[in-house]
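K.L.:
here is the input, now give the coordinates:
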Amino acid sequence: MAMAPSSSSHPLRHRPCLLLLLILSVAVLFALAPILADGVELGGGGLYREILRDETVQRLEELGKISDGDGYLERTFLSPASIRATAVIISWMKDAGLTTWVDQMGNIHGRFEPANSTKKALLFGSHMDTVIDAGKYDGSLGIICAISALKVLKVTGKLERLTRPVEVIAFSDEEGVRFQTTFLGSAAVAGTLPESILRVSDKSGTTVQDVLKLNSFEATAAALGQVRYNPESVGSYIEVHIEQGPVLEALRYPLGVVKGIAGQTRLKVIVDGSQGHAGTVPMKLRRDPMVAAAELVVTLESLCKEPSKFLSYDEECGCFTEESLAGLVCTVGELLTWPSASNVIPGQVNFTVDIRAMDDKVRQTIVTSFSRLVLQKCDDRLVDCKVEHKAQSCHSAPATHCDPELTAQLKHAARSTVSALPGRTEAAVAGETPVLMSGAGHDAMAMARLTKIGMLFVRCRGGVSHSPEESVMDDDVWAAGLALVSFLEQNAVAEVEAEQRNAVAES
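P.N.:
Numbering: from 1, shown residues only. Next up is the predicted model:
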């Protein structure tokens, strides 16, 4: 008697079930892809919170603890803390899938180089050095956010899809604290750092060349030339930085784009008088450089608060508009006396002057006007004065304008980011991305001599910077990283997809 085959032995009966299981398995894998990528949970909705916020904030904390100061943050050009920080930053770059090296000026590079790419590189960067008693976000935020954005591309498989080189540079010196000259790192990459910089010395008499040799760099003019990038190989440079001002906080917006960086002039004013005993020289017979210096400081303040009261028609003040004068700021940041004793009328006083404006003609006119006023007021007080424009402590840089196309792309990336992040206020979501001027100098100023630049500002509490009170909200760090991911996808990943479409169309 023939037996009907049992259900367990029928070869076709379970195929629909197996097919269903296979479909379900694939669906689960796709659902878990953001969690499984390189063992990192990327967060829901493609917002990559664990990398762009949590890990980035943790790394900012870690880098902020690497210091030459005891109880405060200080990390200057090629100092012991800077060398320790270099090793840490290199490890983070490697974690993001980048090839790393340190150039002859101490700049740290992390680069992804696609196979057979002939396109110009997209550079990101900021500085790893700090001022004395610094905050942990100035400079470091731009480096770590860029590394984190590239790590997101790595774990999502998009890094391999890039067809243009992408590089992050941690510049060795921007603040100029040790050698009183700014942009050592970025100016070397841009090819504008003169050979004479090797002979500049710090307060102890140690030269830049000495420090480089101490850290096993060649410290020669030829080695300095090796740091320079070929302008034909670089497409653009992007820098993320804390705003260092109160505007974004006032607007209740986490991100802003920068349309330009103010020009800067630093001067040194030397006032010579007659040194004498504090108790024996009558007031009417004194040639006191301290009092003269005090009057000059107040004069500078008045000149920059109300420039129209001081500028004459001969200096073309009639061509200055309210817009061109906006953002003019002047600062005396350092004042030294000799012999600096409580019972001695000083023999000499010198102080620094920092003048910044977005309009170069305004800045130059203020410099000229202040120099004239210094001589007039010193003559009135019978003291000798000199304004140095070319001393080691002096510095001059023209205003720098960001590339309009890059600015528009960053603005779009910031706007889409703010709309996507949870917990944003209606005002932030509905508002336009603010467009700001930068009164502070940045590595982007030096890099503008090499390529077109763009900058993204991140809100900081109270606009406070160059201080341990410097503070950025974790979610704003997240927003900056996500905006960079969006920008990268616009400028690199999207290009790959377009090429694939073109290849299909051509075939």
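K.L.:
which SS class is His412?
P.N.:
helix (DSSP: H, G, I helix; E, B strand; the rest coil).
K.L.:
what is the burial count for it?
P.N.:
Neighbourhood size, His412 [other C-beta atoms under 10 Å]: 16. All C-beta atoms are positioned from the backbone trio N, CA, C, and that covers glycine.
K.L.:
surely it meets Ala483?
P.N.:
No. With contacts counted by C-beta atoms under 8 Å, His412 stays clear of Ala483, the gap being 9.3 Å.
K.L.:
where in the stretch 201-350 of the chain is pLDDT low?
P.N.:
In the predicted model, the stretch 201-350 of the chain carries pLDDT under 70 at residues 311-323.
K.L.:
ok, which stretches of it are helices?
P.N.:
Assigned by DSSP state H, counting those that start in this stretch, the helices in the stretch 201-350 of the chain fall at 208-214, 221-227, 247-251, 289-305, 322-325.
K.L.:
one more: the stretch 351-500 of the chain?
P.N.:
360-380, 404-420, 426-430, 443-447, 474-488, 494-506.
K.L.:
looking at the ones you listed, which is buried most?
P.N.:
Highest mean neighbour count among the helices of the stretch 351-500 of the chain (mean count of other C-beta atoms under 10 Å): helix 443-447, with a mean of 27.
K.L.:
how far out from the middle of the chain is that one?
P.N.:
The chain centre lies 9 Å from the centre of helix 443-447; the measure is C-alpha atoms, centre = their mean, to the nearest Å.
K.L.:
that older thread, figure out which of the helices of the stretch 201-350 of the chain is closest to Gln275.
P.N.:
Gln275 sits nearest to helix 289-305 of all the helices of the stretch 201-350 of the chain, at 8.9 Å, using C-beta to C-beta.
K.L.:
okay, angle between that closest one and helix 360-380 too, please.
P.N.:
150 degrees (axes from the mean of the first three to the mean of the last three C-alpha atoms, to 10 degrees).
K.L.:
on that earlier part again, what's the closest of the helices of the stretch 351-500 of the chain to Lys203?
P.N.:
helix 443-447 (23.8 Å).
K.L.:
now do the closest one: which elements does it pack against?
P.N.:
strand 121-127, helix 184-190, strand 234-242, strand 453-458 (3 or more C-beta pairs under 8 Å, 6 or more residues apart in numbering; DSSP states H and E).
K.L.:
need the residues that contact that helix.
P.N.:
With C-beta atoms under 8 Å, 6 or more residues apart in numbering as the test, helix 443-447 has contacts from 123, 125-127, 171, 174, 183, 185-187, 189-190, 192, 237, 239, 261, 397, 400, 402, 453-455.
K.L.:
which among the residues you listed end up buried?
P.N.:
123, 125-127, 171, 174, 183, 185-187, 189-190, 237, 239, 261, 397, 400, 402, 453-455 (16 or more other C-beta atoms under 10 Å).
K.L.:
quick one: the strands in the stretch 1-150 of the chain?
P.N.:
99-102, 108-112, 121-127 (DSSP state E, counting those that start in this stretch).
K.L.:
sheet partners, orientation included, of the shortest one?
P.N.:
Right, the one you point to is strand 99-102. Strand 99-102 has the following strand partners under DSSP bridges: strand 108-112 (antiparallel).
K.L.:
can you check the last one too?
P.N.:
Strand 121-127 has these partner strands in its sheet, going by DSSP bridges: strand 166-171 (parallel), strand 234-242 (parallel).
K.L.:
ok now the last one, how far from the chain's centre?
P.N.:
If I follow you right, that is strand 234-242. 8 Å.
K.L.:
send the alpha carbons of it over as CSV?
P.N.:
Presented in CSV, the C-alpha positions along strand 234-242 are these (Å, rounded to 0.1, in the frame of the first residue of the first chain):
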residue,chain,number,x,y,z
VAL,A,234,43.7,71.8,-2.5
GLY,A,235,40.1,72.6,-3.3
SER,A,236,38.9,74.2,-0.1
TYR,A,237,39.4,74.5,3.7
ILE,A,238,36.7,74.4,6.3
GLU,A,239,37.0,75.3,10.0
VAL,A,240,34.6,74.8,12.8
HIS,A,241,35.1,77.1,15.8
ILE,A,242,33.3,78.4,18.8
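K.L.:
list the buried residues of it.
P.N.:
For strand 234-242, the neighbour count (16+ other C-beta under 10 Å) marks Val234, Gly235, Ser236, Tyr237, Ile238, Glu239, Val240, His241, Ile242 as buried.
K.L.:
before we move on, back to that, the helices and strands packed on helix 443-447 into a markdown table, with extra columns for distance to Arg111?
P.N.:
Shown next, in a markdown table, are the helices and strands packed on helix 443-447 (distance: least, C-beta to C-beta, whole Å):
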| stretch | distance to Arg111 |
| --- | --- |
| strand 121-127 | 8 |
| helix 184-190 | 13 |
| strand 234-242 | 12 |
| strand 453-458 | 19 |
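K.L.:
Cys385: which of the ones you listed is closest?
P.N.:
So among these, helix 184-190 is nearest, using C-beta to C-beta, at 30.9 Å.
K.L.:
quick one: average pLDDT of that closest one?
P.N.:
Regarding helix 184-190, the rounded mean pLDDT is 98.
K.L.:
packing partners of it?
P.N.:
strand 121-127, strand 166-171, helix 221-227, helix 443-447.
K.L.:
what about Gly462, how many residues close to it?
P.N.:
Quick note: Gly462 (other C-beta under 10 Å) scores 12 neighbours.
K.L.:
with Gln348 instead?
P.N.:
Gln348 has 19 nearby residues by other C-beta under 10 Å.
K.L.:
hmm, back to that, mind putting the helices of the stretch 351-500 of the chain into TSV with distance to Leu248?
P.N.:
Below are these laid out as TSV (distance: least, C-beta to C-beta, whole Å):
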stretch	distance to Leu248
helix 360-380	25
helix 404-420	11
helix 426-430	10
helix 443-447	18
helix 474-488	9
helix 494-506	28
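K.L.:
residue ranges with poor pLDDT in the stretch 1-150 of the chain?
P.N.:
1-46.
K.L.:
quick one, helices of it?
P.N.:
Going by DSSP H, counting those that start in this stretch, the stretch 1-150 of the chain shows helices at 15-36, 49, 56-64, 80-95, 140-155.
K.L.:
now the last one - C-alpha only, CSV.
P.N.:
Output for helix 140-155, consisting of C-alpha atoms alone and laid out as CSV, is shown next (Å, rounded to 0.1, in the frame of the first residue of the first chain):
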residue,chain,number,x,y,z
SER,A,140,40.1,71.6,19.9
LEU,A,141,36.4,71.6,18.9
GLY,A,142,37.2,72.1,15.2
ILE,A,143,39.8,69.3,15.2
ILE,A,144,37.7,66.7,17.1
CYS,A,145,34.4,67.5,15.3
ALA,A,146,36.0,67.0,11.9
ILE,A,147,37.6,63.6,13.1
SER,A,148,34.2,62.5,14.4
ALA,A,149,32.4,63.4,11.1
LEU,A,150,34.9,61.3,9.2
LYS,A,151,34.4,58.5,11.7
VAL,A,152,30.7,58.5,10.9
LEU,A,153,31.5,58.1,7.3
LYS,A,154,33.8,55.2,8.1
VAL,A,155,31.3,53.2,10.2
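K.L.:
quick one, that helix and strand 234-242 angle?
P.N.:
Using the same axes, to 10 degrees: helix 140-155 against strand 234-242 is 120 degrees.
K.L.:
that's all I had, so thanks and see you.
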